[in-house]
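Engineer: Only the shape, not the letters, is given here:
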């Protein structure tokens, strides 16, 4: 009888900066190929959004000036280009708000499964389209609107709101909450953890930049580490809040 048993790595699920990034690192090592595939999919789907950049300056317009013999034809060409840019701008906007959130929210659920030592289910990347699509889209719009309004007021309130609503996507996918319930629950769950979320977000920027400096190859593991760490923080806070309060025994 083979007595060799594969030992599973222990995860420290405590809602602190160090434990979250430490657990995120271990989660990345234990599920690297599966999570790498998820990051690949996200990169492919978000790539077109970063590549759309309509910059019709005078240099571009001058290229078209020789194609027509008079000003009317030139004006018609410029109008066509403008209509083309508006059309694809609307397509990009619809794609960003009506499709990408489903995949982004689903990917967070996959990372959460990895933190919970469950086998990551790739179906989560598209499951939101037929399970809780409306909640995902509305929750994403609500968070975007709240953060944007706060940013317009002052930068600091926007950062605070963004940190306090960091768990909305997890709650929509994990607990199947509607947008309002997810926002309210995230605000309650993150109470007392705002600075941790802010610090993790701040450090994650430099982790990503360091990965970018490694000839682009390091961006992938950096992204996996960051996403695993935030999923670990959510799970840690969830366990902390749901932990039953111990009532001292009567003397």
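Structural biologist: Looks like it arrived, so ask away. These numbers come from a predicted model, not from an experiment. Numbers count the residues shown, from 1 in each chain.

Engineer: Just to check, residue 137 is in contact with residue 96?
Structural biologist: No. Contact criterion CB atoms under 8 Å: residue 137 and residue 96 do not qualify, at 11.1 Å. (Each C-beta comes from the backbone N, C-alpha and C, glycine too.)

Engineer: Pass me the low-pLDDT residue ranges in this protein, would you?
Structural biologist: By pLDDT under 70, the low-scoring segments of the chain are 1-8, 47-87, 243-251.

Engineer: What are the boundaries of the helices in it?
Structural biologist: Listed in chain order, the helices found in the chain under DSSP state H are 17-30, 32-51, 58-65, 71-98, 100-115, 124-127, 133-153, 155-164, 168-174, 179-189, 194-213, 219-242.

Engineer: Deepest-packed of those, please.
Structural biologist: Using mean count of other CB atoms under 10 Å, the stretch among the helices of the chain with the largest mean neighbour count is helix 168-174, at a mean of 25.

Engineer: now for it, which elements pack on it?
Structural biologist: Helix 168-174 is packed against helix 100-115, helix 133-153, helix 179-189, with contacts defined by 3 or more CB pairs under 8 Å, 6 or more residues apart in numbering; DSSP states H and E.

Engineer: for the shortest one, packing partners?
Structural biologist: With contacts taken as 3+ CB pairs under 8 Å, 6+ apart, helix 179-189 sits against helix 133-153, helix 168-174, helix 219-242.

Engineer: ok, residues contacting the shortest one?
Structural biologist: By CB atoms under 8 Å, 6 or more residues apart in numbering, the surrounding residues in contact with helix 168-174 are 104-106, 108-109, 112, 124, 128, 132, 135-136, 139-140, 142-143, 177, 179, 181-183, 185-186, 189, 231, 234.

Engineer: at 7 Å what do you get?
Structural biologist: 105-106, 108-109, 112, 132, 135-136, 139, 143, 177, 182-183, 185-186, 234 (CB atoms under 7 Å, 6 or more residues apart in numbering).

Engineer: Next one: residue 29 relative to residue 122, how far apart?
Structural biologist: The gap separating residue 29 from residue 122 is 19 Å, by CB to CB, to the nearest Å.
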